[in-house]
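Engineer: after the sequence you'll find the predicted model.
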Amino acid sequence: MINVPQNLPEAIILCGGKGERLRPITNDIPKPLVKIHNKPILHYVISHLMQYGINRIHIASGYKSEMIKKYIISSNYDANIEICNSGDVDIIKRIQDILVNVEKDILVLYGDTISNVDINELILCHRHSSKEITMTVWPLKIAYGLVEIVSDGTVESFAEKPTLDQWINIGYFYINKNYYDLILNNDIFESFLQQSANNSSINAYKHPGVHITVNTLSELEEAQKNIKNIITE
């Protein structure tokens, strides 16, 4: 039997960056509207949330916000989606502007990341912890062969593109509403996360599935090949 959490959080999708590493594509459109298999990145993120019953969604926009607004209006998603344009500011300012109108816990997602994270399991993992934040992490996979060399210069072992025993942050942050004061009192998102880590306030949810981030043209090319592995369509 599948455990379905009650009292679902609202979601914030971070869509305000300029996507400079995806130029020239992002000269004309914001990064969340870059298409993979003829659908914008943002479509996959929204559809994934809706599959888990999260229908109250805030789009934290900035760069070319009007294009994102037009896309949302024309798409007719069966969800309550609001857009908040904070301009050219740090991530935390975008979150702060939205929290003024939020009274529930939140999920914060990156608008350039597509994943098949089991959101039910993420929520339950968070609620079973004693932490104020849960960060979703993914095992680090490198694109190079890793060589182990002993002291005399002999190659002892070789691993082609291994998965390391290290983890990377892929977003999907669950944040308790009683922790909003720390967000509101910070100016930089990374500083907020570091302060939370220093306070032992962050729990980790280890995602074993698929993760696609689209920051560069080469990552976009890989995403075109790998999107079939993502459940959300």
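Structural biologist: Sure, I can see it.
Engineer: if I look at the residue nearest to Asp88 when sequence neighbours are not counted, how far off is Val108?
Structural biologist: Distances taken as CB to CB, 6 or more residues apart in numbering put Gly62 closest to Asp88, at 5.9 Å, once the chain neighbours are dropped. Yep, even glycine has a C-beta here, placed from its N, CA and C like the rest. Separation of Gly62 from Val108 (CB to CB, to the nearest Å): 15 Å.
Engineer: looking at the two, which is more packed in?
Structural biologist: Using other CB atoms under 10 Å, the more surrounded residue of Gly62 and Val108 is Val108, with 24 against 21.
Engineer: just name the shakiest helix or strand of this structure by mean pLDDT.
Structural biologist: Lowest by mean pLDDT, DSSP states H and E among the helices and strands of the chain is strand 155-159, with a mean of 62.
Engineer: which phi and psi does the residue nearest to Tyr63 when sequence neighbours are not counted have?
Structural biologist: Excluding the flanking residues, the one nearest Tyr63 by CB to CB, 6+ apart is Lys18, at 4.7 Å. Dihedral pair for Lys18: phi -90, psi -10, per degrees, to the nearest 10.
Engineer: and the strands in the chain?
Structural biologist: Counting by DSSP state E, the chain has strands at residues 10-15, 35-36, 39-40, 56-61, 80-85, 106-110, 113-115, 133-141, 146-149, 155-159, 163-169, 173-175, 202-206, 211-213.
Engineer: who does the longest one pair with, and is each partner parallel or antiparallel?
Structural biologist: In other words, strand 133-141. Its sheet considered, strand 133-141 pairs with strand 163-169 (antiparallel), strand 173-175 (antiparallel), strand 202-206 (parallel) by DSSP bridges.
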